[in-house]
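# dropping the sequence and predicted coords here.
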Amino acid sequence: MAHQQTQTRYGHCDTYFVESHDDGVYAARAEARERDRAISRMRQRAIAEDLTRTTAEEYQEDIMDHMEHMESQTMPDVNSIDIQTEIQWFMRPYLLDFLVEAHAAFQLLPETLFLAVNLLDRYCSRRVVYKRHYQLVGCAALLIAAKYGDKKDRVPTVRELKSMCCSLYDDEMFTQMEWHVLQTLNWMVGHPTVDAFLQLALSEAAYDSEVEHMTVYIAEIALFHKEFVSTKPSVLARSALALARCILSRTQAKTSDWAGAYDPQTVMSLSNHLYQPSQVLSRKYASMHLSSVSTTVDEFLQHQAQIARRAAAPPTPPATIVQEETKPAVDSYLSPQTPQKNHYGAVMLHGCMTPPITPENEQFVHGNVAKSQPLPMYPTTPTPDHPANAHYQPPYQQNTYLQTHQ
């Protein structure tokens, strides 16, 4: 009865919620308000970026001074790592290959890897580490570094790390090692990494993604060698950036800029280790989203080797063709030629032009005098009782090695 009265009073309709013809006007007004809000947010973001840039420039020197002070306070001690009873330097590349793979699998920030390696070295500088716990310390360092500065949704869980270690350690062991690392370092986790200094150096010039990827690649190569463990991240960042610009034929920074005050000796040392990098690292930086910088480095080294061979080769004297009167003249390019042996061929070893290396227990004999070949000027990182390239093994052998040598 009430429904009939409502129909009589307001007319017939199928529902009480009747759409009016003015809804299009309200929708247009709502869309305009939303558009104005989006424009306001963009303007606020631009203002915030300008204020941040102005503040950063104002406090740039103070920030740099604090970072350089912190890096000196959080550097590992190589001499303390040398006196470790069980872990040796030849084990380090195996662990770093594992950390690089784990870092890439969880898609962590570049600075997380550098911080994790710093935490690992600092812990090994203060505590005796057993061989069977070396990989556990590396996982704990990676977990702490990811919690400290990376995105929360990408921080690896204990279960994931345990799976990557082939269930070699229990869940409680990861928690206990994480706590022990923090206690040993007095909860001082912060450390200015190479990536942090690199971002400051790159801000002085126009952004170039290929230069950034090349610099990080060179800096990660340095992680595998003992001689760079005691090198400050600020020096390593500037030197790696200078070498990356040299490889990519980019203009170097001015000497008045912070990035231009690089160390030539460190640049030379970095160039010596571009040959035969870790296979895991080379494969990682061969991807397109990292500008394929490992492939670029290989092509650069091959080109330098060709230039060195051409520069060291002596000029070939012009050939004199003697023709007999009874034989017709034959074009020189159709006649067989004796191959010319290059007596002064040079090779590129460790980034420097050096003469050919004499094999062990052999000598070059010239007349009746035997002359030994000089040793290379830049030796590789010493690896006691093991081959120099022992750590460059396929990735599937890394965890097996760490498990069987416990």
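Structure's in. What do you need?

# now do His103 against Asp62, distance only.
31 Å (Cβ to Cβ, to the nearest Å). C-beta coordinates here come from the backbone N, C-alpha and C atoms, glycine included.

# of those two, who's got more company?
The neighbour comparison of His103 against Asp62 (other Cβ atoms under 10 Å) goes to His103, with 25 against 9.

# how about Lys284, nearest residue that isn't a chain neighbour?
Ala104 (5.7 Å; Cβ to Cβ, 6 or more residues apart in numbering).

# neighbours of the one you found, how many?
15.

# which neighbouring elements make contact with the helix or strand where it lies?
Secondary structure from DSSP states H and E places Ala104 in helix 92-105. Using 3 or more Cβ pairs under 8 Å, 6 or more residues apart in numbering; DSSP states H and E as the contact criterion, the elements in contact with helix 92-105 are helix 110-126, helix 134-149, helix 158-164, helix 279-284, helix 398-404.

# just give me the neighbour total for Ala48.
By other Cβ under 10 Å, neighbour count at Ala48 equals 10.

# mind checking the pLDDT average for the strand or helix carrying Asn79?
Using DSSP H and E, Asn79 sits in helix 78-82. On average, the pLDDT along helix 78-82 is 93.

# so which of the helices and strands packed on helix 92-105 is nearest Gln265?
Across these, Gln265 has its closest neighbour in helix 110-126 (21.4 Å, Cβ to Cβ).

# and the closest one, what's buried?
110-125 (16 or more other Cβ atoms under 10 Å).

# mind checking how far Arg159 is from Ser167?
Counting by Cβ to Cβ, the separation of Arg159 from Ser167 is 10 Å.

# mind checking the SS state of Tyr207?
coil (DSSP: H, G, I helix; E, B strand; the rest coil).

# what count of nearby residues applies to it?
8.

# can you tell me which helix in the protein is longest?
Ranked by residue count and defined by DSSP state H, the top helix of the chain is helix 23-58.

# on that earlier part again, next one: the helix holding Ala104 to chain centre, how far?
Centre-to-centre, helix 92-105 and its host chain are 12 Å apart (Cα atoms, centre = their mean, to the nearest Å).

# all numbers from here: first residue = 55
Taking 55 as the first residue, the last one we looked at is helix 146-159.

# average pLDDT across it?
95.

# likewise stretch 355-375?
76.

# start and end of stretch 313-324, how far apart?
Distance between the boundary residues of stretch 313-324 (Cα to Cα, to the nearest Å) amounts to 16 Å.

# follow-up on the earlier one: now could you export just the CA positions of the helix holding Asn133 as CSV?
Only the C-alpha atoms of helix 132-136 are listed here, as CSV (Å, rounded to 0.1, in the frame of the first residue of the first chain):
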residue,chain,number,x,y,z
VAL,A,132,94.0,-6.6,6.7
ASN,A,133,96.8,-7.6,9.1
SER,A,134,94.2,-9.1,11.5
ILE,A,135,92.6,-11.1,8.7
ASP,A,136,96.1,-12.4,7.7
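
# list the buried ones in it?
For helix 132-136, by 16+ other Cβ under 10 Å, it's Ile135.

# so which elements touch that helix?
Using 3+ Cβ pairs under 8 Å, 6+ apart: helix 132-136 touches helix 164-180.

# the helix it packs on: how far from the chain's middle?
Here helix 164-180 is found 14 Å from its chain centre; the criterion is Cα atoms, centre = their mean.

# go on, stretch 305-323?
Using Cα atoms, centre = their mean, the offset of stretch 305-323 from its chain centre is 19 Å.

# quick one: average confidence on it?
88.

# buried sites along that stretch?
Within stretch 305-323, the residues that count as buried by 16+ other Cβ under 10 Å are Ala307, Trp312, Ala313, Tyr316, Asp317, Thr320, Val321, Met322, Ser323.

# for Leu252, phi and psi?
Note on Leu252: its backbone torsions stand at phi -70, psi -40 [degrees, to the nearest 10].

# measure how buried Thr108 is and give me the count.
With other Cβ under 10 Å as criterion, Thr108 counts 10.

# report pLDDT for it.
Thr108 is given a pLDDT of 74.

# now Ile411
37.

# where along the stretch 205-354 of the chain do the helices fall?
Along the stretch 205-354 of the chain, the stretches classed as helices by DSSP state H, counting those that start in this stretch are 212-218, 225-238, 248-256, 263-276, 287-301, 318-326, 333-338, 347-366.

# got a markdown table for those helices, with distance to Arg99 too?
As requested, the helices of the stretch 205-354 of the chain are exported to a markdown table (distance: least, Cβ to Cβ, whole Å):
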| stretch | distance to Arg99 |
| --- | --- |
| helix 212-218 | 35 |
| helix 225-238 | 36 |
| helix 248-256 | 20 |
| helix 263-276 | 23 |
| helix 287-301 | 29 |
| helix 318-326 | 39 |
| helix 333-338 | 33 |
| helix 347-366 | 32 |
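
# what's the closest of those to Ser134?
helix 225-238 (12.3 Å).

# now do that closest one, average pLDDT.
The model assigns helix 225-238 a mean pLDDT of 94.

# what does stretch 174-190 give?
pLDDT averaged over stretch 174-190 gives 94.
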